[in-house]
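S.K.: I would like to see how this sequence folds:
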Amino acid sequence: MRWFIGIVVATVVLIMIYLGSAAWALAGLIAAARQGNGAAVMERVDLPSLTRSLTSQIVAAYLERLGATRRISPMEKMLVNTYGATVADAMVAKMLTAEKLTQILKTGNLDAAPGVPNLTGMPALVELQKEDWLSLLGRVSFVQPVLLAIRVSTTSGPDNYAAINLHYEGSGWRLSGMVLPKTVVRELAASLPVK
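M.R.: Residues are numbered from 1 along each chain as shown. Reported below is the predicted structural model:
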């Protein structure tokens, strides 16, 4: 019986360390965004993963937009996924500068820049810190053992849903993805050239 209690206690301690380290990383990211410290924000970001996350959402919305008016052939899908990803990557690169990413996380808005539209209506990450940590647990989804999704939006409705992904890599958790509200992704896709 002692070994069973020991296993239960060890499991609880490991889960607390696991969630505590993610909460610590999230608190550091929120603090850096709140202070407007772009360098500290970028230290907590897996930039290639975050770029892929946003690019794939924009390309998917672009394909959805094209598919609303006509049938898309498999060859065209392949071309959009390669060429469109290149164009979307360029847009995302402009969005993911230290200054712009910090602005998105702090305010939920993005000022227009060449090749990037003015965006509003994204939930601000810093709003999460206004909640207590227990209610924040209700926003966490386990995607994989080393990947957590944290809902940033106030509701989980399909059009307004927004989340961030934290990935455990090396010695800590890093921001590796953002799920933007569908309305925002559609605005970004609408700014891509239509062929």
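
S.K.: buried stuff in the longest helix seen in the chain?
M.R.: For the chain, the helix that runs over the most residues, judged by DSSP state H, is helix 2-35. For helix 2-35, a neighbour-count test (16 or more other CB atoms under 10 Å) marks 18, 22, 23, 25, 26, 28, 29, 30, 32, 33 as buried. To be clear about C-beta, it is placed using only N, CA and C from the backbone, and glycine gets the same treatment.

S.K.: Could you identify the helix or strand that succeeds it?
M.R.: Toward the C-terminus, helix 2-35 is succeeded by helix 38-43 as the next helix or strand (DSSP states H and E).

S.K.: Next secondary structure element downstream of that following helix?
M.R.: helix 47-69.

S.K.: ok, then the element right after that next one?
M.R.: Following helix 47-69 in sequence, per DSSP H and E, is helix 74-79.

S.K.: so what secondary structure elements neighbour the helix or strand that contains residue 93?
M.R.: Assigned by DSSP H and E, residue 93 belongs to helix 85-95. When contacts are defined as 3 or more CB pairs under 8 Å, 6 or more residues apart in numbering; DSSP states H and E, helix 85-95 sits against helix 47-69, helix 98-107.

S.K.: Now do it, average pLDDT.
M.R.: For helix 85-95, mean pLDDT is 84.

S.K.: For the longest helix of the chain, name the packing helices and strands.
M.R.: helix 38-43, helix 98-107, helix 133-137, strand 163-169, strand 172-179.
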